[in-house]
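**Q** coordinates only, no sequence provided:
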Ligand SMILES: Nc1ncnc2[nH]cnc12
Ligand SMILES: [Zn+2]
């Protein structure tokens, strides 16, 4: 689309819902809704320290990343069988389809499960089966990215990689997540170098709460292809220039940033600033069951709060496919689909 046709402001919300999009930053364990968590707790006879779904939801009042992670890891304790991993991923993929997410690259945290005695095979096979079914039944293209927990050691990450090697064809890349401050990317230099040799795609959370220096080392030491979050980059003009020039995507998660107090109010979010500086920013849900919204909620609430326009919406939809790990021909196909929907709304 050479020039975006004018789109009436009142049609913007429906356009945001309907436009084809890719999701590149979703932790599957963060999509586990309280209702399903209680169901799994019951069928697996796992005790939850909450009396009811409402009681649990009331605990979702976070002051920072760590206050969320403590509850998130406890919640993941109900996941025991392959069926649990399948059910969790299938529930997410159906929501993705409803939000016109046509492609999704899903993070999973194997160490959270293997540390409790759940096998890598159980985790990967359950998630993989849901991805296969999504392609066949929903037309949603889904792949998996294995994340290392950065509060654990690099040696633990190496062991996890070793355990995952029999399933190498079932994940496309590796990421780095969990408690950021105090665990800089360079702590994982060797394991990321090994993953690079193995031909895995590389991403890392950086600049969510941590400083711009962590974004620099994610790029220069880990050699990641995308930065997850990266919103703190706007504090460093030289970094902004580097991200724009090298077209390094940022997978931004506005409702997550709001719930974890990265920005005091949604209207203070810097998504518009990142886009207007020419960065390949995208919108994503992060942990939708905990942060009050899936993809379309993130788009609708952020646009309403910040006054972003249809031109920003088009850029975000195009960026989401450009930033994905699909081939060039598929990227062109999705971009044509984006343009077709925008033409309908003109
Ligand atoms: N927002 C987030 N930051 C770091 N690690 C996470 N794990 C799940 N969600 C996360
Ligand atoms: Zn995340």
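**A** Structure's in. What do you need? Since this is a predicted model, take the numbers as computed values, not measurements. Ligands and ions are numbered 1, 2, ... in the order given.
**Q** burial count for the residue of the chain found nearest ligand 1?
**A** Among all residues of the chain, residue 177 sits closest to ligand 1, at 3.6 Å; criterion: C-beta to the nearest ligand atom. All C-beta spots, glycine's among them, are computed from the backbone N, C-alpha and C. Using other C-beta atoms under 10 Å, residue 177 has 25 neighbouring residues.
**Q** test my guess that it contacts residue 111.
**A** No: taking contacts as C-beta atoms under 8 Å, residue 177 lies outside contact range of residue 111: 10.3 Å.
**Q** which neighbours do these two have in common?
**A** Contact criterion C-beta atoms under 8 Å, 6 or more residues apart in numbering; residues shared by residue 177 and residue 111: 148, 149.
**Q** before we move on, back to that, contact partners for the residue of the chain closest to ligand 1?
**A** By C-beta under 8 Å, 6+ apart, the contact list for residue 177 reads 27, 107, 109, 147, 148, 149, 150, 205, 228.
**Q** mind running it again at 7 Å?
**A** 27, 107, 109, 147, 149, 150, 205 (C-beta atoms under 7 Å, 6 or more residues apart in numbering).
**Q** for the last one, give me its contacts.
**A** In this case it means residue 205. Residue 205 makes contacts with 176, 177, 180, 228, 229, as judged by C-beta under 7 Å, 6+ apart.
**Q** which residue ranges of the stretch 51-200 of the chain form helices?
**A** Counting by DSSP state H, counting those that start in this stretch, the stretch 51-200 of the chain has helices at residues 53-58, 65-75, 82-98, 110-114, 120-133, 154-164, 189-197.
**Q** tell me if the host helix or strand of residue 302 is near ligand 1.
**A** Using DSSP states H and E, the element containing residue 302 is helix 295-306. No: shown here: helix 295-306 not in contact with ligand 1 (C-beta under 6 Å from any ligand atom), separated by at least 13.1 Å.
**Q** which secondary structure elements does that helix contact?
**A** Contact partners of helix 295-306 among helices and strands, from 3 or more C-beta pairs under 7 Å, 6 or more residues apart in numbering; DSSP states H and E: helix 12-18, helix 254-259, helix 271-276, strand 281-283.
**Q** let's test this: mean pLDDT of it, rounded?
**A** For helix 295-306, the mean per-residue pLDDT is 98.
**Q** go ahead and name everything in contact with that helix.
**A** With C-beta under 7 Å, 6+ apart as the test, helix 295-306 has contacts from 12-13, 16-17, 21, 23, 96, 99, 101, 254-255, 266-267, 269, 271-272, 283, 285, 293, 308.
**Q** mind checking how far the residue nearest to residue 229 when sequence neighbours are not counted is from residue 280?
**A** Of all residues not flanking residue 229 in the chain, residue 208 sits nearest, at 3.7 Å (C-beta to C-beta, 6 or more residues apart in numbering). Distance, residue 208 to residue 280, by C-beta to C-beta, to the nearest Å: 17 Å.
**Q** what of residue 44?
**A** 41 Å.
**Q** between the two, which has more neighbouring residues?
**A** residue 280 (23 against 14).
**Q** so how far is residue 230 from the more buried one?
**A** Distance check for residue 280 against residue 230: by C-beta to C-beta, it reads 10 Å.
**Q** need the overlap of contacts for those two.
**A** residue 250.
**Q** taking the contacts of residue 205 one by one, which sit in strands?
**A** In this view, the contacts of residue 205 that belong to strands under DSSP state E are 176, 177, 228, 229.
**Q** including distance to residue 214, could these go into JSON lines?
**A** Below are the ones in strands among the contacts of residue 205 laid out as JSON lines (distance: C-beta to C-beta, whole Å):
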{"residue": "176", "distance to residue 214": "10"}
{"residue": "177", "distance to residue 214": "13"}
{"residue": "228", "distance to residue 214": "11"}
{"residue": "229", "distance to residue 214": "10"}
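**Q** with pLDDT added, can I get the residues you listed in JSON lines?
**A** What follows is these, written out as JSON lines (pLDDT from 0 to 100):
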{"residue": "176", "pLDDT": "99"}
{"residue": "177", "pLDDT": "98"}
{"residue": "228", "pLDDT": "99"}
{"residue": "229", "pLDDT": "99"}
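**Q** mind picking the two most distant members of those residues?
**A** Using C-beta to C-beta, the ones in strands among the contacts of residue 205 reach their maximum pairwise distance at 176 and 229, which is 11.4 Å.
**Q** between the two, point out the one with more neighbours.
**A** For the pair residue 176 and residue 229, the greater number of neighbours falls to residue 229 (28 against 25), based on other C-beta under 10 Å.
**Q** ok now do the more buried one, which residues does it touch?
**A** With contact taken as C-beta under 7 Å, 6+ apart, residue 229 is in contact with 205, 206, 207, 208, 252, 253.
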